[in-house]
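> any chance you can model this:
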Amino acid sequence: MKAPKLFRFAAVLTVGALALSACSAGGEDVADDGGVAPLTIHANTATTYQPNFNPFAPTALQGTKGMLYEPLMIATPMATGETTPWLAESLEFNEDGTEATFVLREGVTWSDGEAFDAEDVAFTFNLMRDNPAANAGAFDIAAAEAVDENTAVVKFNKSMFAFQAALANTIVVPEHVFSEVDPVEFTNDNPVVTGPFVLDQFGQQLYTLKTNESYWNADEVEVEQVRYPASSDQTFNSSLQAGEFDWSGGFVANIEKIYIEKDPEHRAYWYPGDGLVNLLVNTQSAPFDDVALREAISMAIDRDQLSEVAMQGYTPAAHPTGLPLPAYESVMSDEYADVEFEFDADDANTLLDEAGYAMGSDGVRTTPAGEKMSYSLQIPSSYVDWVTISSLLQEQLAEVGIVLEPQGVSFEAWLEARNSGNYQMTIASVAMGLTPYTLFRSMMSSEYKTGAGESVVSNYNRYYDDEADALLTAFASTVDPAAQQEALDGLEQIMVEQLPVIPMLQSPNWFQYNTERWEGFPTAEDPYALGAPFQFPDNLLVVTNLTPAK
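As a prediction, this is how the structure comes out:
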């Protein structure tokens, strides 16, 4: 099929964000006790810590998921369609996907010496069923039971084929601890875990983890201590500049000067896409229900300028399919592999003329209904990058006769407007999720449909389309990779041709690393995981891949 005119074909598609290769360190940096150096991590900005190692709590400290509590299996979007056995050796569905059987690894124990078994798995799923706040995946669980010591069966009220990755990543907690507490309010300051580490010391400015002596996978973990020092935005940058962090994840202005130039042999960063930053219009309201208008607006956006000015070039323009790269390269339709967005204000003006959006003598267009094309653009005033993007969009769309009036509002006001559809234009991000199905569902599924003015929990652009729904259903109704890819091809075509959202930029997975003490971090050349230290379960893959620098 011929590519639509809002795109041009590129000889080579540039994917991912800037990356620099890491080099080996000059020698092994040992700790004071003669062992290997600790692994020092910046995973979030916090000036003080309060103890909370409950994996169900939204305020759980970094490392709780991954370093302490483990998933049944590991699924990362960097290996779409694949799962790595972990606490469970396998996950099998029944014929209609309403029943999942986990066969567990033998010989795993909790850090207090109690055996890990299928009773813990069944307990965890039933806990999530009975406590929606603990059920982050919103799994429609009917019941779970232990068939024998190493086999757990979970029954659902609908097919779960499309949620295999999320099920695989389910954290398991010990029944003998969590059955005695409120599973959400429990702060769990003495965590009993199966993971590679246990809590060592806790303080308001620093907490440390140490080797779990009974860890089932101990041969694969060479890190002996993990340190999480507290830091403000200012101290993060100064500590990063001083080389105090081995592994970090945060925005760094002028990273080449602040970070890389101090030690280019060992310091690097990699910012792969982990979602999208989109321009949203309410597709249920005129004139934005007109795909020709959405196409013209998209064509009038200079995404390279948005990237360079608002994001310092750290993250590239979005791909027209909406697929974050490089994670979802493997499911990219062949038809769109070499397509990228085209910026062409002249062609956008021509398209608007042909679609009946007349240019006025004042340089402002009117809709076919005779309404001036002047729209508010709400964004949270605290989102500095979005504030910059909105100013650039105002200039760019003025070139095609569309007036934007950026409005900085509180985060709460923006959230309410986005969720209720009470906006003309806005900016919003969407996470890529564990599978492309999750991503497309969040932007196109009619299951989120509500009445006009009523809040939605996803699909904030309110794009409802029978073909998109049919393709999402087709993906979710099978485990056949070929049939799922056929559904994804159709969903990608809808993204390209119908623009349910107007993708602008990839949102970056912030990740900096220093190989002076530890090697083996993921890179653009070896993208085995997302690198941000707050990324679960990828953080578990990374820590089991690290080796002391030689």
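
> low pLDDT regions in the protein?
In the predicted model, the chain carries pLDDT under 70 at residues 1-34.

> how about the longest helix that it contains: buried residues?
In the chain, taking DSSP state H as the definition, the longest helix is helix 481-498. Using 16 or more other CB atoms under 10 Å as the test for burial, helix 481-498 gives 484-485, 487-496, 498. Heads up, the C-betas are built off the backbone N, CA and C, glycines and all.

> same deal with stretch 239-258?
239-241, 243-252, 255.

> quick check: end-to-end length of that stretch?
Terminal residues of stretch 239-258 lie 11 Å apart, using CA to CA, to the nearest Å.

> what do you get for stretch 54-72?
17 Å.

> quick one on the thing from earlier: not counting the longest helix of the chain itself, show me its contacts.
Residues external to helix 481-498 that are found in contact with it (CB atoms under 8 Å, 6 or more residues apart in numbering): 4, 7, 81, 291, 294, 320-323, 331-333, 335-336, 339, 436-437, 440, 443-444, 463, 465, 467-468, 471-472, 474-475, 478, 500, 503.

> mark which of those are buried, thanks.
Judged by 16+ other CB under 10 Å, buried ones among the contacts of helix 481-498: 7, 294, 320-323, 331-333, 336, 339, 436-437, 440, 443-444, 463, 468, 471-472, 474-475, 478, 500, 503.

> tell me the contacts of the nearest residue to E175 once chain neighbours are set aside?
Take E175 and drop its neighbours on the chain: the residue closest to it by CB to CB, 6 or more residues apart in numbering is F123, 3.9 Å away. By CB under 8 Å, 6+ apart, the contact list for F123 reads A144, V173, E175, F178, S179.

> from those residues, pick the one nearest V277.
V173 (34.7 Å; CB to CB).

> my read is that the closest one contacts N126, right?
No: counting by CB atoms under 8 Å, V173 sits too far from N126 to count as a contact (11.5 Å).

> need the overlap of contacts for these two.
Common neighbours of V173 and N126 (CB under 8 Å, 6+ apart) do not exist.

> quick one, which of these two is more surrounded?
Shown here are V173 and N126; by other CB atoms under 10 Å, V173 has more neighbours (27 against 17).

> name the element the more buried one belongs to?
Counting by DSSP states H and E, V173 is held by no secondary-structure element, helix or strand.

> just P191 next, same as before
Per DSSP H and E, there is no helix or strand for P191.

> mind checking what secondary structure the closest residue to it other than its chain neighbours has?
Closest residue in space to P191, ignoring its immediate chain neighbours: F53 at 4.2 Å, by CB to CB, 6+ apart. The local conformation at F53, judged by DSSP: H, G, I helix; E, B strand; the rest coil, is coil.

> T515 versus F53, what's the distance?
Taking CB to CB, to the nearest Å as the measure, F53 falls 29 Å from T515.

> more neighbours: which of these two?
Neighbour totals were compared for F53 and T515, and F53 leads with 25 against 21 (other CB under 10 Å).

> mind listing what that one touches?
Residues in contact with F53 (CB under 8 Å, 6+ apart) are A60, L61, T64, L68, T187, N188, D189, P191, L199.
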